[in-house]
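Asks: The following block contains a protein sequence and its predicted model.
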Amino acid sequence: MRIIVICFFTLASISLVAQERLKKVEFYGTAKTNVLHQSYDVEGDTSAITQANYGHSLIDLGIVLRPSASTEVATELRIRNELGGFWGGAVSYGIRRLTLKGVVNDAIRYKIGDLDLEMTPYTLYNNSYQDVVNEATVFQMARELIDYEYYFTGNAWRQQGIQSDFGFDLNNETFKALDFTLFSVRNRVSDANSVTPERLFTGGQMALTSSYGSLTYHSANLHDLKNTVNDVNLYYNSVNSLSASIQLPDVPNFSLDYEGGTSKANYDNLLANEQTVIKDYYWNVGLFYKANDHLKFRVNAINTGPQFRSPAAQTVRLGYSSSSNVFPTIGNDFMVRKMGLLDYLYNDVMYNRTFDNKLDAYNPAFSNALPYGLATPNRKGISISLDEYSIDDKLTLSSDLHFLSEIIGSGTTNLKSFVKAVAKANYHYKKWSVNAGLTHESTARDGASYEAIDLSSMLIDFGLDYNISGNISLLFGAKHHTANGNELMAIYDQYNNPLVFEPVSFNDNVQSIYSFGCLVQFSERSTLTASASTFSQIDERDYSLNQFQILYRLNF
Amino acid sequence: MRNIIYIAITVIFLSCERDNADFLGGSLNDQFGILSVSDSLTASASSFNFTSNTPRFFEAKWSKNLNWQLDIVGAQSGASKTFSGFSSKLDADNTSWNGSANDFPSFLTENCVATLVLTDNDTTISMTASVTISDTKPFQDNLKLVADFEEGMPVNTIEFVQQGEAMTFDIESGQAANGLSYYAMGGIVNWDYYLGSIKVPVETEEYATVSPLLLYFNIAIIGGVAGEIPDNQFIKIYMREDDGERYSYEVNPVNWDSWKLISIPYSEFVLESDAANNTKDPGTINQIEIMSLSCPSGPGTIIGGGTACPENMGLQVKTNIDFIAFSTNESYQP
């Protein structure tokens, strides 16, 4: 009995100690079940499979260990089971994340392992989706799944390597602090068979904070590591820039933002002993006007050189010309089915995770003005933005206007001109909330029939949520995309210089997706969404898809 | 401080300048534009005198850059000269002509027809122009003509012809490589590889200081139509020097049926006699021997050894030659 009492108190003590040490070991997690049923309808197609039923369940268990006050190890373990993988037949295990971070001497912070890196839109930036303006809640929930799976957090790229931050307090009234961030990550693994060398992405930034504003130097370098294979070609690209945000002394409501820099791409052919160097520069200067807390305008002049190369900012997030394995063909001649809005949201299209030294293909129907964001080469012009303008805390409006043109013509001395208009609105009233957005793009070029371009596209997002009760909502979402006109797409050589041009045309192409859903919120951490969607595409080959989805999410 | 800010902003704007090309990538006009001719093909003069310094070229202009080919063919000699390129016009830069041919035969004083062919993805345009050659091109510098058979055999040439059937070792007129005459070597000898030869005496003192690498032996050779000649007929060339050394080179096989320039640096000849100083001395060459050879068809013993080639039965050897010459630094330009 005495022994039992001792054991009880010992266990109780351990339990209390464990309570004390909760901060040293933390668990968190996410559980998700996603079930999709899709049906495919093409008139006259008797060969296609018309039904698809798939999905998965997964549990991500996060563990945070703090062996000391200055060290933390975070990991996420995954167990995933595909729908239909009975008795463990399709179970996969893995580590989603492993990061070690800490502080040395209370001064230098470091992080090793999985890192989310972001600098400026010209140096290191994961540009947002091109098929999104202001998405409905029912679509946002699907989008969050993609973001979670592909580690898209804001505009950061998930990479693996080492990062360190440190800074100095300058004890000066004018120059207040100097902060450094340095990182080096492994961007590509070497492959002896294809003579592909190891590739690293290294860089950082140095920020000077002063009483007039901030001045930051950024450096982003993508480079092959010598002697990791029997090198034939070596690639090195560096982008160096300065950005500043300055409060103009004479006009307190105005501030000036500036970023400018250079890029240099080196291609070493070791067999021919030849080196090709491609250099260019960019600048972006903006004037920010703050009338009051609710009304803010921004005007930017941009100029990004035709030879500007910044792989970490020019890699597109989603391959809009890629294909899905769900209903991959169309028609009895087994043509590749053109993907659409539903595939981008729910199916297995291609997402980039490493940086390419070649400019990615893009779909001009979705973004032709700025397919690589602000880092799109060969663009100059003006952007005007209305930052979020709210009225009575119910209606929020924002818009962007871009008037751009090429700096140098593509295949002709005539220049393309681009207009891109983006407008967003969010409205909340009692149990209703509405969000809407519109992006309209037009591209034009005058000239002879073989060089004339006239392309316009439009993307509309609309969402309506009605909160029936505290934990049940009805959701409606719509996306509508149109494209009409023609474009000549460049086929690039190994140095990203256009070689020839391939005509593409859109003949009143329309695609739209409508989705109705019900969201049940069991608790703050647990939701169930059921939605039914219908998608149609009017293109060279028309087709439609219907979908039913059940999505359960639990955070703990 | 505020002035520094404004100055910095101004400097940043003014400091950058690009050196751009007209446009990026290949021209859309070249890729998709319609092909049309604005200036037809013409020669820069109605008659070309290649002994003068006057530029001689062809002109034409069309709507887009593309791959073009200009062929000039001599009406009498059958000689041809080809120019090709990627552009939207012909001018002195891309069709300047010094009277040379692609290969033997060389041009004569004759009428020529120039044909220009323009081809893009879906259109082919062809046009012609005529021009007369009033004077053929002079020989290039440092050329020593040994024999062109226009005025008979070189002095003291020794001919040797085996006993055989339809043996032809004579100067003949007609479609020569250069001029109007050439030396025919051929026939049927079914018991020996050796059909015959000519030995031409030469004096080459002027090449005493020329490296064997830079002394070229040039000769025009023509065989015959496949099936009518032995596949393995060949020519062997001997160079004899004053010290008794004999160097050889084989042109094997001779299986083509139009005149062809064979140009061999003396350094590629190999010693085939006892060595004297075992050094090629271009200035001491005193004789060139050109032999016509072919595998004999048999039957019977093959004189000089070797095996018979029954497949050559009834086939007549044809190893005609023309224009034997030395040049320095470069091959002869026909």
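Replies: Ah, there it is. Numbers count the residues shown, from 1 in each chain, chains lettered A, B, ... in the order given.

Asks: For A:Ile330, give its distance to A:Asp539.
Replies: According to Cβ to Cβ, to the nearest Å, A:Ile330 stands 9 Å off from A:Asp539. Placement of C-beta: from N, CA and C, glycine included.

Asks: Overlap in contacts, the two.
Replies: With contacts taken as Cβ atoms under 8 Å, 6 or more residues apart in numbering or on different chains, the residues that reach both A:Ile330 and A:Asp539 are A:Lys338.

Asks: ok, these two, which is more surrounded?
Replies: Neighbour count, other Cβ atoms under 10 Å in any protein chain shown: between A:Ile330 and A:Asp539, A:Ile330 has more, with 22 against 18.

Asks: isn't that one right up against A:Gly44?
Replies: No. Contact criterion Cβ atoms under 8 Å: A:Ile330 and A:Gly44 do not qualify, at 10.3 Å.

Asks: Direction included, what does the helix or strand hosting A:Leu115 pair up with?
Replies: Assigned by DSSP states H and E, A:Leu115 belongs to strand A:108-117. Each strand paired with strand A:108-117, and its direction, by DSSP bridges: strand A:91-104 (antiparallel), strand A:157-169 (antiparallel).

Asks: May I ask which helix or strand encompasses the nearest residue to B:Tyr332 once chain neighbours are set aside?
Replies: The shortest distance from B:Tyr332 to any non-neighbouring residue, by Cβ to Cβ, 6 or more residues apart in numbering or on different chains, is to B:Asn218 (4.1 Å). For B:Asn218, the element it lies in under DSSP H and E is strand B:215-222.

Asks: Please enumerate the helices of chain A.
Replies: A:2-20, A:137-149, A:311-314, A:341-346 (DSSP state H).

Asks: residue contacts, B:Asn286?
Replies: Here B:Asn286 is in contact with B:201-204, B:240-242 (criterion: Cβ under 8 Å, 6+ apart).

Asks: which residues touch the nearest residue to A:Gly447 once chain neighbours are set aside?
Replies: Leaving aside its sequence neighbours, A:Gly447 sits nearest to A:Asn414 (Cβ to Cβ, 6+ apart; 4.4 Å). When the contact criterion is Cβ under 8 Å, 6+ apart, the partners of A:Asn414 are A:445-447, A:451.

Asks: Separate out the buried members of those.
Replies: By neighbour count, with 16 or more other Cβ atoms under 10 Å in any protein chain shown, the contacts of A:Asn414 hold A:445, A:451 as buried.

Asks: Please identify which of the contacts of A:Asn414 is nearest to chain B.
Replies: Chain B has its nearest neighbour among these in A:Glu451, at 4.6 Å by Cβ to the nearest Cβ.

Asks: pretty sure that closest one contacts A:Leu415?
Replies: No. With contact defined as Cβ under 8 Å, A:Glu451 does not count as touching A:Leu415 (10.8 Å).

Asks: shared neighbours, these two?
Replies: Joint contacts of A:Glu451 and A:Leu415 (Cβ under 8 Å, 6+ apart) are A:Arg445.

Asks: How many residues are close by B:Gly314?
Replies: 11.

Asks: for B:Asn121, same thing?
Replies: For B:Asn121, the neighbour count with other Cβ under 10 Å is 8.

Asks: In a helix, it, correct?
Replies: No. The assignment for B:Asn121 (DSSP: H, G, I helix; E, B strand; the rest coil) gives coil, which keeps it out of a helix.

Asks: where does the residue nearest to A:Gly447 fall, phi/psi-wise?
Replies: Note on A:Asn414: its backbone torsions stand at phi -70, psi 140 [degrees, to the nearest 10].

Asks: So in the chain, where's the weakest helix or strand by average pLDDT?
Replies: Let's take chain A. When the helices and strands of chain A are scored by mean pLDDT, DSSP states H and E, helix A:2-20 comes last with a mean of 41.

Asks: oops, chain B please
Replies: Least-confident helix or strand in chain B using mean pLDDT, DSSP H and E: helix B:2-14, a mean of 56.

Asks: mind checking how far the helix or strand that comes right after that one is from the chain centre?
Replies: Counting by DSSP H and E, the next helix or strand C-terminal to helix B:2-14 is strand B:23-24. Distance of strand B:23-24 from its chain centroid, counting by Cα atoms, centre = their mean, to the nearest Å, is 41 Å.

Asks: so what does strand B:23-24 touch, helix or strand wise?
Replies: strand A:409-410 (3 or more Cβ pairs under 8 Å, 6 or more residues apart in numbering or on different chains; DSSP states H and E).

Asks: taking the mean pLDDT, what do you get for the strand it packs on?
Replies: Averaging pLDDT along strand A:409-410 gives 94.

Asks: Show me what it is packed against.
Replies: strand B:23-24.

Asks: contact partners of the strand it packs on?
Replies: Contact with strand B:23-24 is made by A:306, A:378, A:408-413, A:490, A:497-498, as judged by Cβ under 8 Å, 6+ apart.

Asks: And the average pLDDT for the next helix-or-strand element following that strand is what?
Replies: Note on strand B:23-24: by DSSP H and E, the next helix or strand toward the C-terminus is helix B:28-32. Averaged across helix B:28-32, the pLDDT comes to 93.

Asks: Please apply the same query to stretch A:367-378.
Replies: For stretch A:367-378, the per-residue pLDDT averages 95.

Asks: any idea which strand is longest in the chain?
Replies: Reading this off chain A. strand A:498-523 (DSSP state E).

Asks: look at chain B instead
Replies: Counting residues, the longest strand found in chain B (DSSP E) is strand B:58-74.

Asks: Quick check: residues of the stretch 151-300 of chain A near chain B?
Replies: Contacts of the stretch 151-300 of chain A with chain B, taken as Cβ under 8 Å from any Cβ of the partner chain, map to A:174, A:212, A:246, A:248-250, A:256, A:258, A:260, A:280-281, A:283, A:285.

Asks: Buried among those? Need that as a selection in PyMOL.
Replies: A single PyMOL command selects the buried members of these (16+ other Cβ under 10 Å):
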select buried, chain A and resi 212+246+248+256+258+260+280+281+283+285
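
Asks: what's the closest of the residues of the stretch 151-300 of chain A next to chain B to chain B?
Replies: Of all these, chain B sits closest to A:Pro249, with 4.4 Å by Cβ to the nearest Cβ.

Asks: Do you know the pLDDT at the closest one?
Replies: 73.

Asks: any idea how far it lies from A:Leu287?
Replies: Noted for A:Pro249: a distance of 14 Å to A:Leu287, by Cβ to Cβ.

Asks: tell me the contacts of residue 302?
Replies: I went with chain A, as the question did not name one. A:282-284, A:374, A:379-383, A:404.

Asks: try again with chain B
Replies: Per Cβ under 8 Å, 6+ apart, neighbours of B:Ile302: B:191-193, B:296, B:308.

Asks: Can you get me a residue count around residue 206?
Replies: All of this refers to chain A. Under the neighbour criterion other Cβ under 10 Å, A:Met206 is assigned a count of 15.

Asks: That was the other one, I meant chain B.
Replies: B:Glu206 - counted by other Cβ under 10 Å - has 13 other residues nearby.

Asks: Show me the residue at the heart of chain B, geometrically.
Replies: With the centre of chain B defined as its mean C-alpha position, the nearest residue by Cα atoms, centre = their mean is B:Asp103, 3.2 Å away.

Asks: OK, now which residue of chain B is nearest to chain A?
Replies: B:Gly25 (3.0 Å).
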